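Asker: A predicted structure for the sequence below; I have some questions about it.
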Amino acid sequence: MLLELVKFEHSVFALPYAYIGAVYGVAAAGGVWPSIADLAWITLVMVGARAFAFAVNRAVDKEIDARNPRTASRAVPAGLIKARELWAFAAVMLAAYLVGVWQLEPIVRVLWPIPLAAFIIYPYTKRFTWLCHYWLGLCLGLAPVGGWVAVGGPIGDPAPWILGGAVLVWTAGFDIIYATMDYECDVRDGVHSAPADLGIPRALMMTRVLHVLTVGLFVAAGWLMGVGWPYYAAIGVAALLLGYENAIVSPDDLSRVDAAFFTFNGVIAMVVFAGVLLDRGLSL
């Protein structure tokens, strides 16, 4: 039940970008590939942090979820998981996160509270502003920056920050699409989202702009990192997928929101990661 609660399979949205940050961070530090150990610890950090964030999110949003027919059957609002069980799980995931952090570069041991603070703040943002989508984007956008510095990449290099910016606006865009599913409940309950506050047509137009910006930022990050053609080819494929994702969702037809959110965005992350691996492999 706890595994279903946090949906570990959704790690595909952020984990590939942490690996991408690590791959290029090692190169920027003069290395070749991240070690298996570093990748294992990065995985533990990412999974632990994400599971902790999901547990906190579910606890904070319990009442909101209970009022929404789409989410009322979730384990926490349905009462299938007790509060003490949820917080015990969150504590274990936090411990896993901290164990992983202490195996990586020393700078990570200083910066570790930043992602947790972002995750804890996120569920409260929807109570105040439709910019909550961008805060979620910030949470995922930290993945490539974290992967970069975790293996010794210089934190002052602009490349990981531009890469993180690409992930930020990509995430904000697809989260806006996802929020259309809760439009009526959000309006009724005063929960803020771009669709609820601005209207679905304007919100979906915002997503299109954000996804164009996503492609531009990925290209800019690639230029800064001096990548080869496989990276740009992967971004080209990702751009086509983003275009199709936006094309299948419209204010008049929201029936394919699930596909646009889960399927396409998971594939996009994996396509970009595959391009990075091929790029680094051919450059050696």
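Answerer: Nice, I can see it.
Asker: from Lys82, how far out is Ala22?
Answerer: Relative to Lys82, Ala22 is positioned 37 Å away (Cβ to Cβ, to the nearest Å). For the C-beta atoms, the positions are set from N, CA and C on the backbone; glycine is no exception.
Asker: the two: who's more crowded?
Answerer: Ala22 (27 against 10; other Cβ atoms under 10 Å).
Asker: wasn't that one part of a helix?
Answerer: Yes - using DSSP: H, G, I helix; E, B strand; the rest coil, the secondary structure at Ala22 is a helix.
Asker: contact partners for the nearest residue to Ala220 once chain neighbours are set aside?
Answerer: Using Cβ to Cβ, 6 or more residues apart in numbering and skipping the chain neighbours, the partner closest in space to Ala220 is Ile162 (5.3 Å). Taking Cβ atoms under 8 Å, 6 or more residues apart in numbering, we find Ile162 in contact with Leu217, Ala220, Ala221, Leu224.
Asker: which SSE is Phe264 in?
Answerer: For Phe264, the enclosing helix or strand under DSSP states H and E is helix 264-283.
Asker: shaky segments in the stretch 1-150 of the chain?
Answerer: Applying pLDDT under 70 to the predicted model, the residue ranges of the stretch 1-150 of the chain that meet it are 1-12.
Asker: now the helices for it?
Answerer: Ranges of helices in the stretch 1-150 of the chain, per DSSP state H, counting those that start in this stretch, are 2-6, 15-28, 36-60, 62-67, 83-101, 106-111, 113-125, 132-150.
Asker: the last one vs helix 36-60, what angle?
Answerer: Right, helix 132-150. Between helix 132-150 and helix 36-60, the angle comes out at 160 degrees (axes from the mean of the first three to the mean of the last three Cα atoms, to 10 degrees).
Asker: what do you get for the second one?
Answerer: Between the axes of helix 15-28 and helix 36-60, defined by the same axes, to 10 degrees, the angle is 140 degrees.
Asker: which elements pack onto helix 15-28?
Answerer: Where contact means 3 or more Cβ pairs under 8 Å, 6 or more residues apart in numbering; DSSP states H and E, helix 15-28 is packed against helix 36-60, helix 132-150, helix 158-179, helix 200-225, helix 264-283.
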